[in-house]
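sequence? don't have it. structure:
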Ligand SMILES: CC(C)(COP(=O)(O)OP(=O)(O)OC[C@H]1O[C@@H](n2cnc3c(N)ncnc32)[C@H](O)[C@@H]1OP(=O)(O)O)[C@@H](O)C(=O)NCCC(=O)NCCS
């Protein structure tokens with residue numbers, strides 16, 4: 001007998017279910033939209049994301065006028081079908097898309113955040129940090145045990161966000177597609193983080209420390 005989870009379609013719905021819906025019954029539309037100041041986070045689709053990607057990604061990832069920077073990755077029908085499997089969260093302000101986050105399951109308990117980008121004028125307002133926070137509980141409740149994502153070691157804002165959010169470096173990747181990247185993992189199951197720290201790390205990881213107060217820097221006065 002087919003269980004509710006084994007069907008690719010739900011009665012009354014015309015579109016195919018995304019992978020996270022089929023695996024975990026995770027329906028982001030039950031949680032969204034979220035408001036972050038003047039920005040709303042809405043559930044979108046890969047088709048919704050494409051115009052933003054096509055209009056802005058080359059500039060955002062510094063590939064504009066620099067065709068050889070990344071290996072060409074044309075929009076094949078397989079890529080489009082893969083895109084349709086992803087969860088796409090669209091960030092919108094004043095009716096326009098200003099950023100997006102696209103993610104998908106990597107396996108039965110791992111969620112992979114594949115891409116995130118904001119227009120420059122919307123950066124450094126803690127939008128990504130706050131958005132990440134909002135995703136943890138729905139993912140945990142759906143049974144996701146870890147979130148993973150890749151980041152260039154030179155990408156300071158992303159590196160800061162990941163380390164501040166208690167993501168740990170769990171591997172390094174050198175690929176013909178993106179170059180040298182660090183793979184980060186955030187454990188949503190506390191005991192998994194403890195096991196990782198106990199068995200594989202010389203020092204306890206940040207999540208087992210109480211949060212530190214932000215560093216206060218007081219400028220020193222010179223002698224006059
Ligand atoms: C990565 C990105 C999505 C971060 O989004 P954001 O909303 O600006 O990030 P936040 O405001 O939450 O900031 C995260 C951290 O980076 C810091 N930060 C933000 N902009 C920074 C900058 N230009 N230089 C240094 N640090 C910066 C913030 O202070 C914060 O650290 P803190 O909490 O220790 O103060 C955004 O910078 C972006 O779109 N970059 C281009 C695309 C990209 O690199 N995507 C990720 C690929 S892995």
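Yep, it's here. Since the structure is predicted, the reported quantities are computational estimates derived from the model, not experimental observations. Numbers count the residues shown, from 1 in each chain.

got the contact list for residue 89?
By CB atoms under 8 Å, 6 or more residues apart in numbering, the contact set of residue 89 is 28, 32, 41, 42, 43, 44, 100, 101, 102, 103, 131. All C-beta spots, glycine's among them, are computed from the backbone N, C-alpha and C.

if we go to 6 Å?
Counting by CB atoms under 6 Å, 6 or more residues apart in numbering, residue 89 makes contact with 41, 101.

Whichever helix or strand it is part of close to the ligand?
Using DSSP states H and E, the element containing residue 89 is strand 87-93. No: counting by CB under 6 Å from any ligand atom, the ligand is not contacted by strand 87-93; separation bottoms out at 9.2 Å.

I'd like to know which elements the strand with the most length in the chain is packed against.
Longest strand in the chain by number of residues, with DSSP state E as the criterion: strand 96-107. If you count contacts as 3 or more CB pairs under 6 Å, 6 or more residues apart in numbering; DSSP states H and E, strand 96-107 packs onto helix 19-24, helix 46-60, strand 87-93, strand 110-118.

Now do the buried residues in the helix or strand bottoming out on mean pLDDT in the chain.
For the chain, using mean pLDDT, DSSP states H and E, the weakest element among its helices and strands is helix 190-200, scoring a mean of 83. Within helix 190-200, the residues that qualify as buried are 193, 196, 197, counting by 16 or more other CB atoms under 10 Å.

Name the nearest residue to residue 165, ignoring sequence neighbours.
With sequence-adjacent residues excluded and distances taken as CB to CB, 6 or more residues apart in numbering, residue 165 is closest to residue 132, at 5.7 Å.

That neighbour: which element?
helix 127-141.

What is the helix or strand that that helix is followed by packed up against?
Moving toward the C-terminus from helix 127-141, the next helix or strand (DSSP H and E) is strand 146-151. With contacts defined as 3+ CB pairs under 6 Å, 6+ apart, strand 146-151 has these neighbours: strand 110-118, strand 179-187.

want to try TSV for these, with mean pLDDT as columns?
Compiled in TSV, those are given as follows (pLDDT from 0 to 100):
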stretch	mean pLDDT
strand 110-118	98
strand 179-187	96
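
for these, which one sits closest to the ligand?
Each of those was checked against the ligand via CB to the nearest ligand atom, and the shortest separation belongs to strand 110-118, namely 3.8 Å.
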